[in-house]
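Engineer: Fold the following and give me the result.
(chains A and B)
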2 protein chains.
Amino acid sequence: MNQQTDRVQEQNPLSEAGNSYVVAIDIGGTNIRLALADMSGTIAARWSSSTTGSRSANEIMKLIRTGVEHLLNQTSAPLDSLKAIAVGAPGITNVDDGVVIATSYLLGWRDVPLRDLLEAELHIPAAVDNDVNVAAIGEFSDGAAKGSSDFVFLAIGTGVGAGIILNGKAFHGAQWSAGEIGYMLVPGVPDHVPGRGEPGALESMIGGEGIKTQWQHLWSADSSIVPKDATATEIFDAALHGDRLAQTLLEQTARILACAIYNMSLVLNCTLFVLGGSVGMHPTLTAATQQVLDQWSGRDHLLVVRSQLGTDAQLIGAIRLALSVTHSTV
Amino acid sequence: MNQQTDRVQEQNPLSEAGNSYVVAIDIGGTNIRLALADMSGTIAARWSSSTTGSRSANEIMKLIRTGVEHLLNQTSAPLDSLKAIAVGAPGITNVDDGVVIATSYLLGWRDVPLRDLLEAELHIPAAVDNDVNVAAIGEFSDGAAKGSSDFVFLAIGTGVGAGIILNGKAFHGAQWSAGEIGYMLVPGVPDHVPGRGEPGALESMIGGEGIKTQWQHLWSADSSIVPKDATATEIFDAALHGDRLAQTLLEQTARILACAIYNMSLVLNCTLFVLGGSVGMHPTLTAATQQVLDQWSGRDHLLVVRSQLGTDAQLIGAIRLALSVTHSTV
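Structural biologist: Here you go, the predicted model:
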């Protein structure tokens, strides 16, 4: 990976005309996933690794280097076939500067110049954005929001966040934290704002951990066949199969989520909402939330759909992001 | 007002070099106000009229013609000194097409091509926007948000609406209704969405009529010296002077408003909120709302300030809008 050599090879027109690729990376709280895609966006190879024990920026860069080598080996592609790389990072990200300002959860990054690190490592143009924004880009280009220039992608897993697409572009906000809706205050959530480090009010009710906690509050041995320590997915599965207590919690979750969606629709004038994340992907939640919104007839019709790309939304969005910077200069 | 003559005069370089003006118009539910401003934005003359009995688009156009003649007479300015006109209209407005899609309250307009009507009447470039957006533009150019490229102007009068400025420009949304927050669902408002024609959930609690209704619910003869039929301003004045029941309602209003502001800050990543409108301008409300937000320390510091332009915000915003289209061609 010598800079000079690469540069010369990149300028070789024969090489340019051959197979070219981009690398997409999804950095999660516990895993990192890489994909190699051709210039049409089709995935040619994948690689993933646990990030347990390797969470500093340098350690993540090592994993990325290893992953890229694996991808190239899998496809017998030369290094100079790589034209760009893009990353979805789990935190507030300054897209202009390519800096991950802060991550919550497990990484604990502060002001990591991820784009510069990637460009210095691979000598190809790099782009970074927040993972939820990247997933929104994926649903916009290849998923449930294809053709919708204004919509909101809602990632509901352990955390709750929104990736906002306005006029066909990710909307970031003045300080790069637009869509941090885990703290939203709606009827049915605690009406106070939690301190730093605590889960947000909305997240504490409809995030994966929040739903588990709500379940434990509602649960008693004779009230449900679902165990007290059930996960959100197990609870929603049980609701689907007729468990009354699980249905109660599903309805509460759907109602609170509907309020959050409704509020965003008022502020942003968006009518399409795509649900992703481990909790958001549950089809019962989509249906129950749509049902609540359909009862509120006074405004524009709001449509709630499941992510089409599922856990690949971020990788596919990162592929699109990488393709968009293939003509940048490092 | 002959088109050909005007055009010729507009092209006269001596006339161009003389005093040039723009006309700004604020169409309200019960009044129409006009201002004549020079090319620096300084108001040279004003005119206003009740719109009672004159609410159709044609009748409003007649009032505008009368008002423009008065303004020109007041300043002895010739018709060809007018270079552009802009209007803030009380409804959802398609800025690209210059069409007022719908007004609530008293006008009852549907799809009125206001920009075309103005240009046909005056033969100068015209611009239209929603009145709250226009007020936001005013606060941005000359008021409390000068120098802040991202902020929200909140008009709290009988109705409640937000004018959103992002990256120095009014944000309209895909269907021109971004910021219609009168329907927002926050803790403390009725947790159902009202039907068409009914006031929104947020508006029913913190709008002028909503506050009066809340007061009547709380009020009893021995609980306050303020009369049962007091206005929001009278109630907030009484709170300022120590009336306990009025303070209770002020605190409730501030808390609900703080929730709405907080939610908007999460979605939009804005930290500055300018309060306008007859209720919003009350200094006690600004202070009480800021106090609630200051207690919520977990997030970015949010700043709530009163409108500096007050009832002139819309006229001054319309002046800026008119100045911005002076070089357009009709």
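
Engineer: Just the element for the residue nearest to the spatial centre of chain A, please.
Structural biologist: What sits nearest the mean C-alpha location of chain A, by CA atoms, centre = their mean, is A:Val132, with 3.2 Å. Element membership for A:Val132 (DSSP states H and E) is helix A:131-142.

Engineer: helices or strands next to that helix in the packing?
Structural biologist: strand A:21-27, strand A:82-89, strand A:151-156, strand A:160-166, strand A:169-171, strand A:272-276, helix A:313-324 (3 or more CB pairs under 8 Å, 6 or more residues apart in numbering or on different chains; DSSP states H and E). (Each C-beta comes from the backbone N, C-alpha and C, glycine too.)

Engineer: Averaged pLDDT, it. What do you get?
Structural biologist: Averaged across helix A:131-142, pLDDT comes to 98.

Engineer: Please name the nearest non-neighbouring residue to A:His282.
Structural biologist: Counting by CB to CB, 6 or more residues apart in numbering or on different chains, A:His282 lies nearest to A:Phe236, which is 4.5 Å off, once chain neighbours are set aside.

Engineer: tell me the contacts of the one you found?
Structural biologist: Neighbouring residues of A:Phe236 by CB atoms under 8 Å, 6 or more residues apart in numbering or on different chains: A:246, A:250, A:279, A:282, A:284-285.

Engineer: A:Asn167 versus the residue in the stretch 201-330 of chain A that chain B sits nearest to, what's the distance?
Structural biologist: Residue nearest to chain B within the stretch 201-330 of chain A: A:Asn269 (2.4 Å; CB to the nearest CB). To A:Asn167, A:Asn269 is 11 Å away according to CB to CB, to the nearest Å.

Engineer: mind listing what A:Val112 touches?
Structural biologist: By CB under 8 Å, 6+ apart, the neighbours of A:Val112 are A:57, A:99-100.

Engineer: Filter those down to the buried ones, PyMOL style.
Structural biologist: Typed into PyMOL, the next command selects the buried ones out of those (criterion: 16 or more other CB atoms under 10 Å in any protein chain shown):
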select buried, chain A and resi 57+99+100
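
Engineer: which of the contacts of A:Val112 has the weakest pLDDT?
Structural biologist: A:Ala57 (92).

Engineer: Correct me if wrong: that residue contacts A:Arg115.
Structural biologist: No - counting by CB atoms under 8 Å, A:Ala57 does not reach A:Arg115; the two are 11.7 Å apart.

Engineer: Spatially nearest residue to the closest residue to chain B within the stretch 101-250 of chain A, not counting backbone neighbours?
Structural biologist: Nearest residue of the stretch 101-250 of chain A to chain B: A:Gly173, at 2.4 Å (CB to the nearest CB). Nearest non-adjacent residue to A:Gly173, counting by CB to CB, 6+ apart: B:Asn269, 2.4 Å away.

Engineer: which phi and psi does the one you found have?
Structural biologist: Phi and psi for B:Asn269, reported as degrees, to the nearest 10, are phi 60, psi 40.

Engineer: how many neighbours does it have?
Structural biologist: B:Asn269 has 22 neighbouring residues, counting by other CB atoms under 10 Å in any protein chain shown.

Engineer: close enough to count as contact, it and A:Ala174?
Structural biologist: Yes - B:Asn269 lies in contact with A:Ala174 (CB under 8 Å); the separation is 5.6 Å.
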